[in-house]
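J.: Sequence below, structure please.
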Amino acid sequence: MINDVLEQLAEDYFRHLGYFTQHNVKYRPNRRGPAYNVHSDVDIVAVHPKKKSIDRVIVVSCKSWHGGLHIMRELKRLKENYRRTRQTFRELAMPVWSRALKNKIKEITGQKRFVFYIICVSYDHGYKKMWEENKIFKRNLSGCKIKLLDFKTMIEGVKEEASGITPAHSELTRLLQFINHSGGNINYNQVSPSTRLRSSKKLKK
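T.: Residues are numbered from 1 along each chain as shown. Now for the predicted structure:
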């Protein structure tokens, strides 16, 4: 079982959509040198048995930062070649790791084209397209789609499962079932993720 809450929810979300999942898939470039001695990993690889297009295979990297993904800040750091940021998003930002990931996914799924998700607690939806259409990302993961997905969207996606009586896959969704069957409900207020992210920036200043 996955220990990280965001990863648990992501796995439940894609299983609810009909995918079979494998988590913590390790990979690394076929090169020598200290930079390639340690494997990287993606949190989830999901395969849908009935789909035949690019979305048959889903690859997920979860970023469980409480403050969410600050798209413009991270893109700026990548442009300025911050080493730590490039390492954090190596699948997208470092061609040698992008190729290694595509080779690994081809090896285990038979398909080199896939949808790559960065899953986070929240992000500024106003800048979503700038991330998903980033030229560097699209060049490095050529032939693939790049998507963002947040916690709220996944919670909404598994609500139907939480209303059922069949025991859920993870402890997290099982907890949602208990809340639902005890008469409770999970509702979000009207403050958008974009507003929360801007507020957190002001607090840091």
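
J.: What's the first helix or strand after the lengthiest helix in the chain?
T.: Ranked by number of residues, the top helix in the chain under DSSP state H is helix 95-109. Using DSSP states H and E, the helix or strand that follows helix 95-109 towards the C-terminus is strand 115-120.

J.: Quick check: which element contains Thr21?
T.: Judged by DSSP H and E, Thr21 forms part of strand 20-27.

J.: quick one: that strand to chain centroid distance?
T.: The chain centre lies 13 Å from the centre of strand 20-27; the measure is CA atoms, centre = their mean, to the nearest Å.

J.: State the next helix or strand along the chain beyond it.
T.: strand 40-47.

J.: Any idea what the spatially closest residue to Cys120 that is not a sequence neighbour is bridged to?
T.: The spatial neighbour of Cys120 that comes closest, neighbours along the chain excluded (CB to CB, 6 or more residues apart in numbering), is Leu69 at 4.2 Å. To be clear about C-beta, it is placed using only N, CA and C from the backbone, and glycine gets the same treatment. Beta-bridge partners recorded for Leu69 (DSSP bridges): Tyr123.

J.: Spit out the contact partners of Leu69.
T.: Contacts here follow CB atoms under 8 Å, 6 or more residues apart in numbering; on that basis Leu69 touches 63, 118, 120-124, 148.

J.: repeat that for 10 Å
T.: With contacts defined as CB atoms under 10 Å, 6 or more residues apart in numbering, the neighbours of Leu69 are 63, 118-124, 127, 131, 148, 150, 193, 197.

J.: So which elements touch the longest helix of the chain?
T.: Contact here means 3 or more CB pairs under 10 Å, 6 or more residues apart in numbering; DSSP states H and E; on that basis helix 95-109 packs against strand 20-27, strand 40-47, strand 57-63, helix 90-93, strand 115-120, helix 135-140.
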